[in-house]
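*Asks:* Quick check, what structure comes out for this input:
(one chain, ligands or ions: 1)
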Amino acid sequence: MSMKPLTDTPAWHALQKHHTEVAGLHLRELFAAEPKRAATFSAEACGLFLDYSKNRITGETLRLLLALAEERGLRGRIDAMFRGEKINSTEDRAVLHTALRAPRTEKILVDGQDVVPAVHGVLDKMAAFADRVRSGQWLGHTGKKIRNVINIGIGGSDLGPVMAYEALKFYSDRALRCEFVSNVDSDDFAEAVHGMDPSETLFVVSSKTFTTLETMTNAQTAREWVLRGLGGDESAIAKHFVAVSTNAEKVREFGIDTANMFGFWDWVGGRYSMDSAIGLSTMVAVGPENFRAMLAGFREMDEHFRAAPFERNLPVIMGLLAVWYGDFFDAQTAAVLPYEQYLKRFPAYLQQLTMESNGKSITLDGRHVDYNTGAIYWGEPGTNGQHSFYQLIHQGTHLIPCDFIGFAKTLNPIGRHHDILIANMFAQAEALAFGKTAEEVRAEGTREDLVPHRVFEGNRPSNTILAEIVDPATLGKLVALYEHSVFTQGAVWEVNPFDQWGVELGKVLAQRIIPELEGDTALHHDGSTNALIERYRRMK
Ligand code: F6P
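*Replies:* Sure thing, here's the model as predicted:
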C-alpha cells in the first residue's frame, strides 16, 4: 500500500504551521494561561498515570497530532498487527508479540493456524520446568540441586530477561543465583561463572536463530566448562543445558536434546520476546505465577492500546509526543529516567526496543525519509543521573524530552528514602519545565556576573509516569506501553519497526576479519582497517 509521503500530508503541514506559532511559548505561560492543564493533559489506564502536561503543547497541538495519527492509518495498522497480518513486510512475517499474552480462550490466526494453543503449550512447559528447578527436583549430572542459572543470549535474548530479572528481583528465589552472559568478550563469561560449581549450574541458551556468533561462542565455552568440571561425560549436557529458540535443527546440532528446548515463532521479534520462552530465566527466577502476572499486565496494556480512543490512549499519546519533538523541535534524543532502582536496566532494554525498531530511514514503500525517525534513547535511574548528566538537560543547548517513571510505594520501606527519592523526581520535572528566571536569581542576592550562569531557562519538556509499586503486572504494562508507543511512531513515520537489516553488515565483516586476526593472510580492507589489523597482530 503506497501512502502519500508524510511531509506532503495536510496534517503534517498543519503541524508545521502550528509549530511556528507555539514553539516560542514557555511552559510558564502555558500553565499560567491554563491552570487546569495538569488535568487536561493527563490520562490513566491499567493503573499507570501519565501526566503529560509539562510538554510544549496546547490543545490544538494534541488535536493536530491525533489527526496525523488518523491520517497515517494508525487505527488500521493496530488492527492489522493484532489480527496477525504480515505487517513486517520486509521479512514477510506477522508481528504477534501480543499473542504471547493472549488468554487461552482467544483465537489468533497466522496462515490459517490458531497460534494461541501453541503459546500456552510452551508456557505450560516452561512452568513445569521452572517448578522443577525451583523445587530442587531438577538435578544436575552428579545429583546436586541447581543453584546457578545462567542465561546466554544477546540483544533481545538478553536485555529483556536481564531487565526483568533486575526489575523483579524482590520477587525472585534468592537461593538461585542468576547471571546473564551476552558479550562475546570472554571477560563476561569468566566473571559470570567465577566461583561457580558446574555441577550446580544450569545454562539457558537463548537465541531465536541459534546462529548468533556471540551466543554460540559463549554456549560452546559453557559446554566445555561444564564438561571439564564434570569429567568430560557428554551425557552431562542434558542436565545442564536447555535451549530457547525457534530453530530446533540448530539446537539439536549443538547437542541439546530438543525435549529440553522451549520454542517460539518467527512472528516474535527479538526485542519483543521477553514474554515468550525467552523469558524462561525470568520465570525460573520469579516463578510461573509471577511470570503469568507479568503477562496479564502486558495484556491489559494491549487491550487499552487496541480499544481506547486515541485521545485517552497512553501509548498513542506518548508516541505522538515523540514525533512532535523529534520532527518539529528536531530533538535528537530522549531520556528515560526511572526513579526506581529495580528498573536500572530499563533504559538499556528500551534502547534496543526503540532504536532497533525505529532506527530506519527507508519507508515501507522504499523511499528515503525527509524527516527524523527514531530518537536516541538513553537514561539512568534517578537520582544517580542528577549527579551526572542532568546539568546538560537543564542548561545545555539540546532539547531532551524526558520520561520520569516513579512509584507511589517502595518494596523496601526504610526511613525517609522513598519520599526523598520521589521528591527529587517531582523536583526535576518542575525545575526542567519552569526553570528560574534572572529576576529570581537576582532576588536571591546573586552577584550580577553570576546571574546568567545561574539562570534556568526551563521549558524543558517531560512526561511523568506514576504507578503504585514495582510488581510483575506493572512491569508488563510498562513494557507494553513503550512497545506500543514505538509502534505508533513507526506507523506515523511509515517505517517497519520489526526488521533490523542495519545490524547485518558489521556481522558479515566481522566474519571476514576473524580469520585475519588468527592468521597472517594478506589484507584487502581500507587503509585504516588494514593498519589496525596489522597493529593488533603485532600487539596480541
Ligand atoms: O543483532 C540483532 C539481533 O538480531 C537482535 O534483533 C536480536 O535480538 C539479537 O540479534 C539476538 O538474536 P538471536 O536471538 O537470534 O540470537
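
*Asks:* The residue of the stretch 201-350 of the chain at minimum distance from the ligand: neighbouring residues, count only.
*Replies:* Of the stretch 201-350 of the chain, the residue with the smallest distance to the ligand, taken as C-beta to the nearest ligand atom, is residue 270 at 2.4 Å. All C-beta atoms are positioned from the backbone trio N, CA, C, and that covers glycine. Other residues near residue 270 come to 25 when the count uses other C-beta atoms under 10 Å.

*Asks:* who in the stretch 401-540 of the chain is up against the ligand?
*Replies:* Where proximity means C-beta under 6 Å from any ligand atom, the interface of the stretch 401-540 of the chain facing the ligand comprises 500, 503.

*Asks:* Walking through the stretch 401-540 of the chain, point out its helices one by one.
*Replies:* For the stretch 401-540 of the chain, helices defined by DSSP state H, counting those that start in this stretch occupy the ranges 417-434, 438-443, 451-454, 472-493, 504-518, 527-539.

*Asks:* related to what we said a few turns ago, got the contact list for the nearest residue to the residue of the stretch 201-350 of the chain closest to the ligand once chain neighbours are set aside?
*Replies:* Spatial nearest neighbour of residue 270, excluding adjacent residues (C-beta to C-beta, 6 or more residues apart in numbering): residue 156 at 2.9 Å. Residues near residue 156 by C-beta atoms under 8 Å, 6 or more residues apart in numbering: 208, 269, 270, 271, 272, 273, 274, 278, 352.

*Asks:* ok, now residue 361?
*Replies:* For residue 361, the contacting residues are 368, 369, 373, 495, taking C-beta under 8 Å, 6+ apart as the criterion.

*Asks:* separation between the first one and residue 327?
*Replies:* I take that to be residue 368. Look at residue 368 and residue 327: by C-beta to C-beta, to the nearest Å, they are 15 Å apart.

*Asks:* higher neighbour count, the two?
*Replies:* With neighbours defined as other C-beta under 10 Å, residue 368 and residue 327 compare such that residue 327 has more, 24 against 7.

*Asks:* Are we agreed that the more buried one is in a helix?
*Replies:* Yes: when classified by DSSP: H, G, I helix; E, B strand; the rest coil, residue 327 is found to be part of a helix.

*Asks:* doesn't residue 369 make contact with it?
*Replies:* No: between residue 327 and residue 369 no contact is recorded; they are 10.0 Å apart, counting by C-beta atoms under 8 Å.

*Asks:* which neighbours do those two share?
*Replies:* Taking C-beta under 8 Å, 6+ apart as the contact criterion, residue 327 and residue 369 have no common neighbours.

*Asks:* before we move on, back to that, just the buried residues of the contacts of residue 361.
*Replies:* A residue is treated as buried here by neighbour count (16 or more other C-beta atoms under 10 Å); on that basis the buried members of these are 369, 373, 495.

*Asks:* what about the closest residue to the second one other than its chain neighbours, how many neighbours?
*Replies:* Distance criterion C-beta to C-beta, 6+ apart; nearest residue to residue 373, sequence neighbours excluded, is residue 493 at 4.8 Å. The tally of other residues near residue 493 (other C-beta under 10 Å) stands at 24.

*Asks:* how about the residues of this protein near the ligand?
*Replies:* Close to the ligand, as judged by C-beta under 6 Å from any ligand atom, the chain has residues 154-157, 207-209, 212, 215, 270-271, 356, 500, 503.

*Asks:* Got a quick ChimeraX command for the buried subset of these?
*Replies:* What follows is the ChimeraX syntax selecting those of the residues of the chain next to the ligand that are buried according to 16+ other C-beta under 10 Å:
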select :154,155,156,157,207,208,212,215,270,271,356,500
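
*Asks:* Next one: residue 3, what pLDDT does it get?
*Replies:* Note on residue 3: pLDDT of 83.

*Asks:* Quick check: it vs residue 365, distance?
*Replies:* With distances taken as C-beta to C-beta, residue 3 is found 7 Å from residue 365.

*Asks:* out of these two, which sits in the more crowded spot?
*Replies:* Neighbours of residue 3 and residue 365, each counted by other C-beta under 10 Å, are more numerous for residue 3; the result is 15 against 11.

*Asks:* quick one, what contacts the more buried one?
*Replies:* Residue 3 sits next to 72, 73, 363, 364, 365, 494 when contact means C-beta under 8 Å, 6+ apart.

*Asks:* Looking at the residues you listed, which is nearest residue 469?
*Replies:* Taking C-beta to C-beta as the measure, residue 72 is the one of the contacts of residue 3 closest to residue 469, at 36.1 Å.

*Asks:* Name the nearest residue to the closest one, sequence neighbours excluded.
*Replies:* Excluding the flanking residues, the one nearest residue 72 by C-beta to C-beta, 6+ apart is residue 492, at 5.0 Å.

*Asks:* which residues touch the one you found?
*Replies:* Taking C-beta under 8 Å, 6+ apart as the contact definition, residue 492 lies against 6, 68, 69, 72, 74, 319, 320, 323.

*Asks:* Filter the residues you listed down to the ones in helices?
*Replies:* The helices, defined by DSSP state H, take in 68, 69, 74, 319, 320, 323 from the contacts of residue 492.

*Asks:* I'd say the fifth one and residue 64 touch.
*Replies:* No: contact between residue 320 and residue 64 fails when scored by C-beta under 8 Å: they sit 9.5 Å apart.

*Asks:* I would like the residues contacting stretch 475-484, please.
*Replies:* Looking at stretch 475-484 with C-beta under 8 Å, 6+ apart, the contacting residues turn out to be 46-48, 97, 101, 160, 164, 167-168, 272, 274-275, 293-302, 305, 314-316, 318-319, 346, 349-350, 353-354, 405, 465, 467.

*Asks:* Filter those residues down to the buried ones, PyMOL style.
*Replies:* In PyMOL, selecting the buried portion of those, with burial taken from 16+ other C-beta under 10 Å, looks like this:
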select buried, resi 46+47+48+97+101+160+164+167+168+272+274+275+293+294+295+297+298+299+300+301+302+305+314+315+316+318+319+346+349+350+353+354+405+465+467
